[in-house]
Structure formats: C-alpha cells, structure tokens
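[1] Quick one, structure for this:
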Amino acid sequence: MSDMPFVIPLSSARAADVECVGPKAANLAALARAGLPTPGGFCLGADAYRRQIAELGMQDLLARYNVADVTERRRISVAIRLALYERPIAPAVLDPLLAAWRAQRAESGAPSAVRSSALIEDRKGANFAGQFESFLGLADETEFLTAVRACWAALWTSHARRYMDNHGLSPADTAMGVLIQPLVAARCSGGGLSETAEGQMLISATWGLGSAIAQGEVVPDRIVLAKNGFLRTVQAGRKGHRDTCAHGVAAPELVPKDMVNEPCLTAGEAVTLGRLLRKCETLAGGPVEIEWAMDENGFKLLQSRPLHVEAPIVPDEIWLTHPGLNGHPAGIGWGSGRAVVVNCECELSRVAPGDVLVTKVAGPALSHVLPRVAGVVAELGGSTSHLASLARERGIPMVLGVLDATRRIPDGAQVAVDGVAGIVRWLR
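    Next up, the predicted model:
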C-alpha cells in the first residue's frame, strides 16, 4: 500500500503518528507492534478527510466557524455534514480506499468494522467515548462508503460539538481518521480497567459483540482481579440480549435463558485477559481502559486509552443508616442531591444542576446532562460503558446495573451515590 498515501496499514510505521491516524488507531497499532493480539486492519488517515474537505470547497466554512455565533455555527455544521454525505468522494481518496478494503475482505473473509478515529479523542481529560461513530458487520460496498462518510461527518454532529465546546475544542481545528478492520466473530466481548480506586483490575463481559455494553443496554458480568492477576470475584450480569453479526448484518438477538445469568468467561480466561490488561498498562506507562472481544481463536484487543483514577471519598456516616441498592460502580467519587427519575429522554429537561439522574439505560446520549448532575444511577450498564467512561473523566459518581432503581428510588428524594463502592442510598 506504499502507493496509497491516504491508506495506512496498522502494521506500518506511519500508524504510530497520532497526528496522522488519531490516538485510537495509533494506540491499537502500538499494541500490535508489542505482540499483543489485535484484529489488524488499516486506517484512512486524517489527510483523507482534509482532502475531501478541500475537494468539496469547504475551507471557507471551516475558517468562519470559530468566529461565528451559535446560530451560524449550527448552519455551518449542517452544511458540512450534508456535503460529506451527499457529494462524491475525491477519486484520490476513493480509489485507494476501495482497493484496500477489497483486499482486506478477500484476505479475512470477514465483514468489516468501521470506526471513527479523531485526532482529538482518547486523550487525558477528553476521551470522547461514544461521541463519534462505529459500524459493525459491513460487507456491502455502498454501506461501507456510507459508514466512512458518517465517521467524517460525526465530527460535526450537535452532541460532538457540545462535548468539544465543554473542553475548549473546535471541529474546525482538527480532522478525522477512520479505522477499518475485519470484524471479530465474537463469542463474548467487553471492557477492562487496569486500575480501580481500590487498586484492583476490573473486567466487564457480555455475550456477542461489545456494543451492548458500550451503549449501556445490558448489565454485564463484573470480574475483579488483584493487580497481581489473581481472580477475586465474578459477579454474573443480566445479559438478556446480545449483538451478533450473521450474514454480514449486525443485529440484536435474545440470549437463551440458561445463558442470561451465566458468566461469559471461565476463571482461566479471566486471568488470561487480566495479563493482557496489565501488558496494555505497562505499554501505556499508566492506567488504561480497554475494549476486547474473544472468538474461537482467543482474545483480540480492540482499543486501549488512558484511564483517570480518583481516590475514594468516604461518605458522611449518616447515610449508612438509610436504605440502599447495589450496582456496578463507575469508580469515581461520592455525591448527593435530589433524585430525578427519568423514564424517557424527553424528561431530561427536569434535571437541574446538582440533581442525581435516575434512569433505565445509561447510554452515550445522556452525555450532555453530565455537566449539571451530581451523580447518575441506572438500571442497565456497567463500569466500562461509554457513559461510565465519560463520568470518570468528569469526576461524576455513577452506579449502573441497579435493579429496579427507577421503581424503588422515590422521585424527589435526597440520595447519595457512591461511585467507588457501587451503592446508592436515599433518605426515607
């Protein structure tokens, strides 16, 4: 692929350049170079995005964006997104992209996973978890190109721009790479934290593809290991459905009843994954959060990004006398406030600064509420979901996978959320 300047194999030296492929792709390439198992693949570099912007004649809009008012910024964003979706891809980008994708499909025989790899994500204090795009199970050429366009356009969506505004960043000042890999035919998938506030390691797991965990749609298994790799506890989750990929189409399906509460990993598999987690930490030079999948050939590492860890905060002992519910901790802090029970996104306007959001699904769509809440409690989700990652970044306590939280926690009650112990309590 040396004659394809926009196409960068993850095995190449260029894949180490975060300004070329973005930290997500560069971190994954570093894992592969260190001999750790990954799916391989290639990245459509950030220069391809820049070339497409130039081909569309959008440089003037980018130049105007940072000095525009809020209304004009919205218009510019919509214009750029529509152009990226509707107008032809520059031949200098399209031809090598299709050649590389066809070669990968022929070699692997697997459908593709296409994921955004922005230059500004997966950095300390701004990991952008769940703010961009990922597409799984792509085998059709038209769908593949649409996914690439969507990854480019994701830089200009309203929720991504809101996240950037909160971090003093601008879409006009950065670019988007696109990570393209063979999809792992996952028996199970999940995430992992190489360090928790208690000084342990944490693994989450669910059946099928890991998107169900990332989106907070299931309560995953929660596996705790000591830092030396010894298995401490295995808490089976409530995994009622799984995302699978059959015949090139990614889709959810019900999990057989005898598997819903059955742990996805054996003790030996959990210990093996713990070793990989420690190797990722050593390679990064600090705590990391990973995504992984396991197929018939073993584990594959899908992502590794820096992890911020806070020391636990001891709550006021008065709370210990009040009723409580247990769940999966996000691993950060302790906070209290008025409980606002929300069963639909249309109710989020009820959440005021300092409130504790109590909801069913803790998905990335709730990220815009995080700046104003004192804590989050959800019936689904786990410690390595995208929203949990964003909460850790902001220092917001969160407890996920709390059974019947929206029914048992009274709306308007004063509640305390322990994001380290994974307990939520409320005043009678």
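
[2] Burial check on residue 168, number of neighbours?
    Other residues lying near residue 168 total 7 when counted by other Cβ atoms under 10 Å. For the C-beta atoms, the positions are set from N, CA and C on the backbone; glycine is no exception.

[3] residues contacting it?
    With contact set as Cβ atoms under 8 Å, 6 or more residues apart in numbering, residue 168 has no partners.

[4] Can you tell me how far it is from residue 66?
    In this view, residue 168 and residue 66 are 12 Å apart by Cβ to Cβ, to the nearest Å.

[5] Name the SS class of residue 381, please.
    The assignment at residue 381 comes out as coil when based on DSSP: H, G, I helix; E, B strand; the rest coil.

[6] in what helix or strand does residue 425 lie?
    Taking DSSP states H and E as the criterion, residue 425 maps to strand 423-426.

[7] and what of residue 335?
    strand 334-341.

[8] And stretch 43-60, end to end?
    Start-to-end span of stretch 43-60 (Cα to Cα, to the nearest Å) is 27 Å.

[9] so what pLDDT did residue 331 get?
    The score at residue 331 is 66. That number is its pLDDT.

[10] Kindly report the same for residue 65.
    Looking at residue 65, its pLDDT reads 93.

[11] One more: residue 1?
    pLDDT, residue 1: 44.

[12] same check, this time on residue 344
    On pLDDT, residue 344 comes in at 80.

[13] List the contacts of it.
    Counting by Cβ under 8 Å, 6+ apart, residue 344 touches no other residue.

[14] do the same with residue 328
    Counting by Cβ under 8 Å, 6+ apart, residue 328 has contacts 204, 219-220, 222, 381-383, 388, 399-401, 422.

[15] Residue 198 should be in a strand, yeah?
    No - per three-state DSSP, residue 198 lies outside any strand segment and is coil.

[16] just checking, it touches residue 420?
    Yes - look at residue 198 against residue 420 with Cβ atoms under 8 Å: they come within range, at 7.1 Å.

[17] Looking at the two now, which is surrounded by more residues?
    For the pair residue 198 and residue 420, the greater number of neighbours falls to residue 420 (22 against 15), based on other Cβ under 10 Å.

[18] Mind checking what secondary structure that one has?
    Following three-state DSSP, the label given to residue 420 is coil.

[19] Start at 43, not 1
    I'll keep to 43 as the first residue from here, and by that count the last item is residue 462.

[20] What is the neighbour count of the closest residue to residue 446 other than its chain neighbours?
    Excluding the flanking residues, the one nearest residue 446 by Cβ to Cβ, 6 or more residues apart in numbering is residue 421, at 6.9 Å. Neighbourhood size, residue 421 [other Cβ under 10 Å]: 22.

[21] Report the contact partners of residue 421.
    Contacts of residue 421 (Cβ under 8 Å, 6+ apart): 261, 401-403, 443-448.

[22] Filter these down to the buried ones, PyMOL style.
    Per 16 or more other Cβ atoms under 10 Å, the buried members of those correspond to this PyMOL selection:
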select buried, resi 261+401+402+403+443+444+447+448
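
[23] which intervals of the stretch 43-192 of the chain have sub-threshold pLDDT?
    Along the stretch 43-192 of the chain, segments meeting pLDDT under 70 span 43-46, 164-172.

[24] Could you verify my assumption that residue 275 touches residue 265?
    Yes - using Cβ under 8 Å, residue 275 is in contact with residue 265, at 7.3 Å.

[25] more crowded one of these two?
    Between residue 275 and residue 265, counted using other Cβ under 10 Å, the more crowded position is residue 265 (27 against 9).

[26] In this structure the more buried one contacts residue 271, no?
    No - assessed by Cβ under 8 Å, residue 265 is found out of contact with residue 271, at 11.9 Å.

[27] Touching both of those two, which residues are there?
    Counting by Cβ under 8 Å, 6+ apart, residue 265 and residue 271 have no shared contacts at all.

[28] how about the nearest residue to residue 309, chain neighbours excluded?
    Counting by Cβ to Cβ, 6+ apart, residue 309 lies nearest to residue 273, which is 5.5 Å off, once chain neighbours are set aside.

[29] bridging residues for the one you found?
    residue 267 (DSSP bridges).

[30] and the gap between it and residue 245?
    From residue 273 to residue 245 the distance is 10 Å (Cβ to Cβ).

[31] who has more neighbours, these two?
    residue 245 (27 against 17).
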